[in-house]
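S.K.: show me the folded form of this:
(chains A and B)
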There are 2 protein chains.
Amino acid sequence: MVSDNRNAQALGRLLAPASIAIVGASDNPDKIGGRPIHYMRRHGYGGKLYPINPQRGQVQGERAWPDLEALPEAPDLAIVAVAGEQAVRAVDRCAGLGVPAAIVISAGFSETGEAGRARQDTMTARARAAGMRIVGPNSQGLANFGNGAIASFSTMFLEIEPMDGPVAVISQSGGMSAMVYGLLRQRGVGVRHVHATGNEADITVAELACAVLGDPGVRIVLLYLESLRDAGALAEAAALARARNVPLIAVKAGRSEAGARAAASHTGALASEDRTVDAFFEHHAILRARDPQELVRYAELALRGPLPRGPRMVVVSNSGASCVLAADAAAERGLQIAPLGRHTQEELGRRLPGFATTGNPVDITAALLSNNGLFGEVLPAIADDPAADMFLIDIPVAGRGYDVGRFAEDTARFAAAAGKPVAVVAWQDNVAAAFRARGVAVYGDERQAADAMAALRRLDTLLGRAPAAWKTSPAAAPAGAHAGLLSEAASLALLARHGLAVADHAVCADADAAVAAWRRIGAPVALKACSTRLPHKSEHGLVALGLDDEGALREAMARQAETLAHLGVDDAEWIVARMRRGLHELALGVRNDPVFGPVVMIGAGGRYVEALGDVALLVPPFTAEAALEALRGLRIGRLLAGVRGEPPADMAAVAEQAVRLGRYALSAAGHVASIDINPLLAGARGEGAVALDALVELSDAADAAARRAA
Amino acid sequence: MVSDNRNAQALGRLLAPASIAIVGASDNPDKIGGRPIHYMRRHGYGGKLYPINPQRGQVQGERAWPDLEALPEAPDLAIVAVAGEQAVRAVDRCAGLGVPAAIVISAGFSETGEAGRARQDTMTARARAAGMRIVGPNSQGLANFGNGAIASFSTMFLEIEPMDGPVAVISQSGGMSAMVYGLLRQRGVGVRHVHATGNEADITVAELACAVLGDPGVRIVLLYLESLRDAGALAEAAALARARNVPLIAVKAGRSEAGARAAASHTGALASEDRTVDAFFEHHAILRARDPQELVRYAELALRGPLPRGPRMVVVSNSGASCVLAADAAAERGLQIAPLGRHTQEELGRRLPGFATTGNPVDITAALLSNNGLFGEVLPAIADDPAADMFLIDIPVAGRGYDVGRFAEDTARFAAAAGKPVAVVAWQDNVAAAFRARGVAVYGDERQAADAMAALRRLDTLLGRAPAAWKTSPAAAPAGAHAGLLSEAASLALLARHGLAVADHAVCADADAAVAAWRRIGAPVALKACSTRLPHKSEHGLVALGLDDEGALREAMARQAETLAHLGVDDAEWIVARMRRGLHELALGVRNDPVFGPVVMIGAGGRYVEALGDVALLVPPFTAEAALEALRGLRIGRLLAGVRGEPPADMAAVAEQAVRLGRYALSAAGHVASIDINPLLAGARGEGAVALDALVELSDAADAAARRAA
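M.R.: As a prediction, the model looks like this:
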C-alpha cells in the first residue's frame, strides 16, 4: 500500500524509471515486445533501455542483451512481454536480481480461467516475497509522456499523436485507457499519464492514482474501474487529490445487474450494490461519470476553468430555439436559469438596441450576422451578475458570414477574465475547433454541456463540505451475543445504549408485568410479541395498538399467546410501548458492504420500504448536514418539509439519529452485520424522532467475541 | 386544415410548384432574395423561375420581371423576400393574382412585438380571405431536394452538400431545420425535405407533416416544435404516418418551466404541461426526442433497419470493458441482456475455440486482431437466437492491424440478412465512416446506441397497440349545473350515472336521515359533511370514520354541525357511506388541456397525491390495456402487483374505471373542467375498485348550457 514508504518509492519509480529492461524485445515495432521500444525512442525517453533478446545483437537500433543477468545493473523497471510460463520465469529472475517493479504485459493468466489464475497467484506470491511490485499481468502497460517512459504497447499512440499535458488516465482495461486518451486528444487536451493495470494481481488503479498525484504536472486524474478491491487506497487517492486541488473523476462500470455480471466475467469484480459505490464516491468527493465519454466531457470542462460556485446558468445564443433547448437541458440537470439583475438588463438594453428581450437566456438572434462582435459586447455585461455562476454559449448554426474565430477569441478572453466556467455548444466541426484552439470547452449539444456543468457543480459542493469530525473506537460486541438476529427488545436496548432515541417501552414476560408497565407509562400502549424467530411480527397479527385499559391489554396478550403457540414459538417476550403520534414514518438502517464497510440507509419507512425504495445511502463518518441533504433528496423530501397545511417534520432530529447510527455502525462494524430501524417516527419540528421498532443482526465475529469472553 | 381538399392541394403544390416567383430577387447569391435562386439553379429545379426585381433585367442569369403583374401567369408559389410593409403589399398582390401560396421569408412581424403582430395578423387575414396559404413570416423557407424547389435561404446547404434521400425535416425554427439537416448529412443520410414555418401565421409544422407524407419518397418524418396549436393536424399526421408505416419522430422543446418560458418568448408557445405532451405523443405513436441530436440518432437507426420487435439486446465487442458499458447502458434504458440459447452457445464455442465465455455480451477479445473475420463468423450464429431482438456491435479501439472495412462489410451483410436492427458503437472517425458507408447506424457511445434502440422499441410497442374502439357522443351538462365545483354528493352521483363504481352511500340532510341510512347499509359507516365551499373537508375534521351505533352517529353529526357553524358554512349536507376495506388508495382524475383536450390522470392516491406525484397521464380514447400499462409503470406499480405477502390489487378493475372516466371526460369535455377521484379504493383481485370521494368542476360552458335549458 502507498502508506508503506518503500512501496510508495517503488510506485514513484515505476512512473519515472531511470532504466528499463524489455524481456522479449522485438525488432518489429508492431509487436508487443517492440512497441514500447519504438515509443520510447520516438518520445525521447532519457533513461537507459535494455532490450533483452538472446537472438539479436541489436533491437530497433538499440544494443540488445541476451538475458537479464547480463545487464550491467538491475533496471528500475522490467517490461515482461513473453508468454505464459516464460513470463513467470522472467518475473522470478527480476525478483532475484532486485528489480523493484515489473509490468507484465503478457496475457494468459486469470483472465483465461483457473489454470491461469493459479499461474498468476504463484507469480505474484514470489514477487511479493522478494519485495517486487507487479503491474498486470494482461496489462497494456504504463505510459508517461512527461518523461518518455512509454512502457505500453497501445496502438492508440500511433492513431492519435500524443501531446504532453495535465491529465492522468488510469484504467484496469487497456482498451479504455487508450479510448480515454484518444477522446481527450481528439478534444485537443494534452495527456501525460496513460496507465492500464490489467488483471491487478498486485498494483491497483487506486494505488497508481496515488502515485500520479505525486507528479506536480498532473492537474486532473481520470479513472476507469470495474472491480474495486481496495477502497482504502481509493480513499487515500481522493484525499491526496483534494489536498492538491486536483479533480478526481472516475467511471465505475458494472452499474447494473447485467453490467456487473459482465464485469465479473471480465475482471472478476466483486459486486457492491451500485448505490453504495455512489455513496462512497460522494463521501470522498470523487466525481462519478457513467462512461468514458462522459468522463472526458467532465475533464474538458474541469481543465478549462474553475468549478461552478453555484447552480445558476446564463445562456447566450444566436438562436431562439437553442435558448429553449439550453433552458430545458439546464432544468433537466437541476441548474437554474435565473433572471438577470436590472442593472445587467439595462446594460444589455444599451448593447442590444431594439431587441425584444434582455432576459436569460439571452437571444442575440441572427443580428450576430451583421455584428460579429455581439458576443464580445454582451458577455462582459453579464459577467458579474448574481444569476451567472456559469455560462453556456450556444452556436447551433454558423457558416458563411460568421466570423467564428472572433466569437472564439471574444469568448476565450471573457472566460479568462470572468473566473467562472464557460462552455460552448457547437456541432459543426470547424466551429468546435475554433473554440477548442483557444482553450474553451465545447460540447455537441446542450444536454452534454449542462450535464458537465451540473456534475462539476456537484463536485464543487462535495469538495466544499465540512468533513465529519468523528472519533470512533471499536465498540465491544454485546455481552453473550451470538451471530444472528437480536430480538426487538434487545435491538432497541442496544441502540439506546449507543445514543439512539427509542420509544418508551418495557419488556414483559407476562400479563401482570405488561399491566404494570402500562400503568407506569400512563397512556395508550402498543403490545408486541417478539421473538427472533418472527422478524415480521405484524404479518402474524402479533401487534395490538391503542390499548388503554387492563382488560383490553390482558385480552390482547392472551390472543397473541395463542397465535405464538399455534406458530410453535416458545421464546417470545412482550414489549409494551407508549403509543406515539408522529408526522412521518421513516426508516434508518445499516448494511456492511464487502468492499466499503458499513453504509447507513435513510429513507421512507413503513411496510413498503423495499418495494418503494425511497432510500439514500451515506458512508460514515458523515455530518448532520449531509444527512439532512440526503433527507431532502428523498421523494418524500417535500412531505417532510410540510405540505397541505402540515408542519415540517423534525428533520434535524432525524439527521441526528442518522449520525448516531453511523457512529455506532462504524465502531461496531466488526460484529454488526445489519441494522433496521423501521419505523423511525418523526414528529413535527422540535418533537424529535424515535425508533419504534428495530432489528439488529450480529455477524459471525460476535460469536468469536462471545467465545473470547467465555 | 388538411382535410379540406383545396388546402391539401395547395400544400401539395407548395412542395412541388411548377413555377416560383421571388419577390425581392437579388443578383447576390448570399442575400436572402438571392439564395433561393442560386440553390434552385444549382439543384436543378425544373419549373419556371420568375425573379421579381424592377431594377434589373436579369438576376443570376435568369430573366427578371419588374413586378408580379408583369408575369405571364400566376405562379404556383411566391417567395416574399422584401421587408416590412413591402412584404404585406407583396402578399396582397399575390392574393389578388390568385397565387395559391406564399412563403414570407421577411422578418419584422410577431417576433418583434405588438406592432409586428398586428402587421402579421392583417397580412394573414387578407391572404385567408383570398384563399391563399402563407408559410411564415420570419421563415427560413422550404426546400425539396427531390425536385430542386429550394425556396429557402439557409446557409447550411452551402456548408454541407445536399443529397436527396428519404428524410423530411419540418421545424418552426429555421436554425433547427438547418441543424437537423446538417446532423443528418454529417451521418451520411440523404435528406429530401427541409422546411421551416417561422411565425406560423398560417401553415403549421403539423400541416406540412401531412403534406410531406403525400410524397412516396419520404420514409421518415422529423419535427421540431416549440408551440403546438393544432393538436388535430398533428394527430392527422400521425395517422397518415402510421398508415404509410413511416416513423414520425418529434422534438417538442420547452419541456421544463425554464424552457417553456424561453419558448414563450421565442415563439409565443402556449404552455401545456409537458407530461401531457408526452401522453399525447404516446397516444398517437409519435416518438419524442429531447433534442435535435437525439432526433437524428433515432432517425439514423430507424432508417437503417426494422424496429426492434422485443427488448433483448445481444452485444458483440472486441473489448471486455465495452461489454460491461454496453450492458450498463442497455439496463439503464430498460433493455435486457438475456443469456443465449444452448444451441447458440455451442455454435459460438465451435467458432470461438478456447474462449472463456460464449455468453451475452460476446467478448471476442483482441483475438479479432489475429482473425479479422471474427465478426462475420460470430454474428450469423446468433442471428435467430431468442435473446436477440437487436444487435450492438461495439468497437472501442481499432487501428493498425484491424481490417475495419471487413468488419463493416460483415456487419452490413449480417444486418441485411438478419432482419433485426443493428447498431455500431465507434468513436474513431474512420471506423464510424467505414460502417456508415455501408449503411450501418453508428453511435459515439453505448448509452446513445441503447437509448436509440430503446426509443425505437417503444415506438414499435406504440405502433403495435390496438387502438381503443370508443364511440362517444357529447354528454349533456348536468341539469341546473353551473360553473364551479360540484359537492361530493353531486360529484359521486354524476360519476355513478356515467358508469363509475362509487361507494355505497346516502346523502342526508339531518341526523334522522343519517341514522336511517346507516340502518339500511347495515355496517360501519363514515360520516362526511360536504359543501362546495369546503373541498378539503378532512382538513377541517369533517370526516368521522367507523361509526356503527346510533349514538356515535348523532354525536359525530352534532360535532360536525358545530364546526360548520363555526366556519360559517350553511349549505352543507351529509354523506353516510359504507366503510370499505381495500388494499391501496389510488387516484383518478381529468384535466382539460388547452391544446390537447381532456387528459386522464391515474396514480397513487391519498393525502400526498400532488407532493409525491406518482401519476401517469392517458389521452382518451385508450384501452384498458394502456391503463394497465400505466398502472404498472407507477412507482407503486410493484405494490399493486402484491408484495410482502399481500395479494395483488384488482388492477383490471382500476383500469376499467379509468377507461370509463376517460369515456365520460371525452364526451363531457365541453362542460367538465376537471375531475378528481381520491381515493379510488382498490381491493384485492376480484374485489373491484370504488370511488370513495370525488370532486367534479364544471367549466363556464355549463353555465351556457344551463342558460339554454332555462
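S.K.: end to end, how far does stretch A:412-427 reach?
M.R.: Start-to-end span of stretch A:412-427 (Cα to Cα, to the nearest Å) is 18 Å.
S.K.: around chain B, pick out the residues from the stretch 351-500 of chain A.
M.R.: Applying Cβ under 8 Å from any Cβ of the partner chain, we find that the stretch 351-500 of chain A lies next to chain B at A:356-357, A:359, A:361, A:363, A:396-397, A:399-401, A:427-428, A:444-447. The C-beta positions use only the backbone N, C-alpha and C, and glycine is treated the same way.
S.K.: how about low-confidence regions in the stretch 451-600 of chain A?
M.R.: A:535-536, A:538 (pLDDT under 70).
S.K.: closest residue of it to chain B?
M.R.: A:Glu539 (5.8 Å; Cβ to the nearest Cβ).
S.K.: next, the spatially closest residue to that residue that is not a sequence neighbour: phi, psi?
M.R.: Leaving out its chain neighbours, the residue that sits closest to A:Glu539 by Cβ to Cβ, 6 or more residues apart in numbering or on different chains is B:Gly645, at 5.8 Å. Main-chain torsions, B:Gly645, degrees, to the nearest 10: phi 80, psi 0.
S.K.: tell me the pLDDT at B:Gly645?
M.R.: We have a pLDDT of 83 for B:Gly645.
S.K.: correct me, but it touches A:Ala611?
M.R.: No. Shown here, B:Gly645 and A:Ala611 do not form a contact pair, counting by Cβ atoms under 8 Å, at 11.9 Å.
S.K.: neighbour-wise, which of those two wins?
M.R.: More crowded of B:Gly645 and A:Ala611, by other Cβ atoms under 10 Å in any protein chain shown: A:Ala611, with 18 against 7.
S.K.: now name the helix or strand holding that one.
M.R.: helix A:609-612 (DSSP states H and E).
S.K.: how many residues are close by the residue nearest to A:Gly444 when sequence neighbours are not counted?
M.R.: In this structure, A:Gly444 finds its nearest non-sequential neighbour in A:Trp427, 5.2 Å apart by Cβ to Cβ, 6+ apart. By other Cβ under 10 Å, 20 other residues sit near A:Trp427.
S.K.: so how far is stretch A:237-252 from its chain's centroid?
M.R.: Distance, stretch centre to chain centre, for stretch A:237-252: 10 Å (Cα atoms, centre = their mean, to the nearest Å).
S.K.: which SSE is immediately downstream of the helix holding A:Ala611?
M.R.: Trace forward from helix A:609-612 with DSSP H and E and the next one is strand A:615-618.
S.K.: quick one: strands adjacent to that next one?
M.R.: Paired strands of strand A:615-618, with direction, are strand A:597-604 (antiparallel) (DSSP bridges).
S.K.: where does the stretch 601-710 of chain A have low pLDDT?
M.R.: Residues of the stretch 601-710 of chain A that meet the cut-off, pLDDT under 70, sit at A:705-710.
S.K.: what about 90?
M.R.: For the stretch 601-710 of chain A, the stretches flagged by pLDDT under 90 are A:606-612, A:643-646, A:669-670, A:700-710.
S.K.: you'd agree the residue of the stretch 451-600 of chain A closest to chain B is up against B:Glu646?
M.R.: No. At 9.4 Å, A:Glu539 does not count as touching B:Glu646 under the criterion of Cβ under 8 Å.
S.K.: who's more crowded, these two?
M.R.: B:Glu646 (17 against 13).
S.K.: distance check, the more buried one against A:Val104.
M.R.: Applying Cβ to Cβ, to the nearest Å, the value for B:Glu646 to A:Val104 is 56 Å.
S.K.: how about A:Ala454?
M.R.: 41 Å.
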